[in-house]
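here is the input, now give the coordinates:
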Amino acid sequence: MPETPLNTNAGESKEIPRILLSAGSSSSGKTTITIGLLAALTESGYKVQPYKVGLDYIDPSYYSEITGRRARNIDGFLMDKEAVTDVFIHGSEADGDADIAIVEGVRGLYEGFDSFTDTGSTAQIAKILKCSVVLVVNARSITRSAAALVNGYKDFDKDVHIAGVILNNIGGPRHEKKATDAIEHYTGIPVIGVIRRNSSMSISMRHLGLVPAIEERRRADNFDERIDLIKDTIKKGIDIDRMLDIAKSAPFLERPSCTMFSERKLDGKRPVIGVALDEAFNFYYHDNLELLQKAGAEISYFSPIHDSKLPDVDGLYLGGGYPELFAAELEANVSMREDIKRVSETGLPIYAECGGLMYLTERITTGVQGEGVHHMAEMPESTHEMVGALPGHSLMGHKRVVSYNIGSLDVDSVIGQKGNSFKAHEFHHSEVTELPEGAKFAIKLSRGTGIIDGWDGLVVNNTLGCYAHLVASSYREFAESFVDFIMNKRNR
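Numbering: from 1, shown residues only. Down below sits the predicted model:
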């Protein structure tokens, strides 16, 4: 692991008004409420720093779009306490000092890595950040039972402070009064918001979650109007002044002893890493990109859909996304595919994750028929030629993988040296088939699925493609290793 620089301000107390929005379960409406709250506070002139608990690319894309600040992900399974605090404090300062931080939880408040600890849960993050929780309750068809639900969450872990409740999916005034009265009487926790049922509040969905903001803005003429509708609904339904009071009551946070966000000085010209960014490829953690820059790289964005050729770069980073939905457009851009294959064959360092892996294989087939709950056969049945820098045929069939993964590097590679270990995650509906005998892999997984038989990181020349999504604030070797590999290749 690269040496983590000492934090010259270690031990300094930092005041960051903050609040955490959680829920009893997924699909309670907390993401939509978070979007509305971010928009309302930003409109009122607050500098709002958004965070997402867990490993999600899409929700944070909306948060960044709305606030104009880079949303950050924090995860208690991948990161230790100091890393969570480091990312949180850095995020509140990197785009100018924030007035308030809004953290959206993942799934239910207490869902985590296992059944008996809070590791990886929203509750764990609330305790690390000393952050009060506002609980979103899906109150459809319940009134007095809502009080029992809130009491259960309140009493389950006394170290988690639930400071308020937002009732979602309320039918009318009578429903609102009965549920509010019951919760406040039996739990002593105030109801600080009531959101009425409104189908217009929904945001476009697909198989990996919401449609990413970059794509939704380009394809939907009424993007801003829909965000405004959500914002206005939240302003009417939630007592934002009480939310602000809860946020301001958060205690000071102490800076960790070390920080990962220090600038590394390189001898010579900074290497340029081309990062694919468009409707097909937009799954990036901001920390990954920023830490590459801190390690000495410059970032040059390009579009595999819209640009005819690569920019002048020393390495490539192809993130995840939806290449299967834009396979025809990617196939049609022959000059880009040929350019990427050419530089791969000449040994340019290339790192690709999930969607990027699929794009680098020989072809993608969608609409594959098969048995299984999670089939993707509703997509049109078609096959499209891809780059061919890596062997294999990417199929969108009935496979579904959602998991943390744990692995180690079996060989030296563009992302680190043999023996380096990491915790990461994978989330995909595809599989890579028709791999040749003797295909080479860089990653051996002890937890997770990968490409085949627990192996991940398909390698040809200096091109590596994997299903694992690495988080640079967890796998700290990533940024410096990638930059160093590019520098060494360039200097040979």
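
can you give me the helices in the protein?
Using DSSP state H, the helices of the chain run over 30-43, 58-67, 81-94, 122-128, 144-156, 173-187, 213-219, 223-237, 240-248, 286-294, 327-332, 334-345, 355-360, 477-491.

go through those helices and name the closest to Ile100.
Of all the helices of the chain, it is helix 240-248 that lies closest to Ile100, at 5.3 Å by Cβ to Cβ. C-beta here means a position set from N, CA and C on the backbone, and glycine is covered the same way.

most tightly packed of the helices of the chain?
Neighbour counts (mean count of other Cβ atoms under 10 Å) averaged over each of those peak at helix 355-360, with a mean of 29.

what's in contact with that one?
Contact with helix 355-360 is made by 276, 280-281, 283, 304, 317-324, 330, 340, 344, 350, 352, 364, 386-390, 394, 430, 432, 451, 458, 463, 465-467, as judged by Cβ atoms under 8 Å, 6 or more residues apart in numbering.

least reliable of the helices of the chain going by mean pLDDT?
Lowest mean pLDDT of these: helix 213-219, a mean of 70.

just checking, what packs against that helix?
The contact analysis (3 or more Cβ pairs under 8 Å, 6 or more residues apart in numbering; DSSP states H and E) places helix 213-219 against helix 58-67.

contacts for the helix it packs on next, please.
With contacts defined as Cβ under 8 Å, 6+ apart, helix 58-67 is touched by 31, 34-35, 38-39, 42, 47-50, 52, 70-73, 104, 203, 208-214, 217, 227, 282-283, 286.

distance of Ala468 from Asp95?
Distance from Ala468 to Asp95, counting by Cβ to Cβ, to the nearest Å: 28 Å.

who's more crowded, those two?
Ala468 (27 against 15; other Cβ atoms under 10 Å).

please name the residues that touch that one.
353, 405, 407, 422, 424-426, 443, 445, 448, 450, 456-457.

of all those residues, which comes closest to Ser26?
Of all the contacts of Ala468, Ser26 sits closest to His425, with 16.4 Å by Cβ to Cβ.

list the residues that contact the closest one.
His425 neighbours (Cβ under 8 Å, 6+ apart): Leu55, Leu78, Ser403, Tyr404, Asn405, Ala468, His469, Val471.

excluding sequence neighbours, find me the nearest residue to it.
Closest residue in space to His425, ignoring its immediate chain neighbours: Leu55 at 4.5 Å, by Cβ to Cβ, 6 or more residues apart in numbering.

hang on, that neighbour packs against Ser473?
No: if you go by Cβ atoms under 8 Å, Leu55 and Ser473 don't touch, sitting 11.3 Å apart.

so for those two, which sits in the more crowded spot?
A direct count of neighbours by other Cβ under 10 Å for Leu55 and Ser473 places Ser473 higher, at 26 against 22.

pLDDT score for the more buried one?
For Ser473, pLDDT reads 96.

got a list of what it touches?
By Cβ under 8 Å, 6+ apart, the neighbours of Ser473 are Leu78, Met79, Ala83, Asp86, Val87, Met260, Tyr285, Asp287, Leu291.

same thing but at 10 Å, please
If you count contacts by Cβ atoms under 10 Å, 6 or more residues apart in numbering, Ser473 has them with 72-75, 78-79, 83-84, 86-87, 90, 260-261, 285-288, 290-291, 479.
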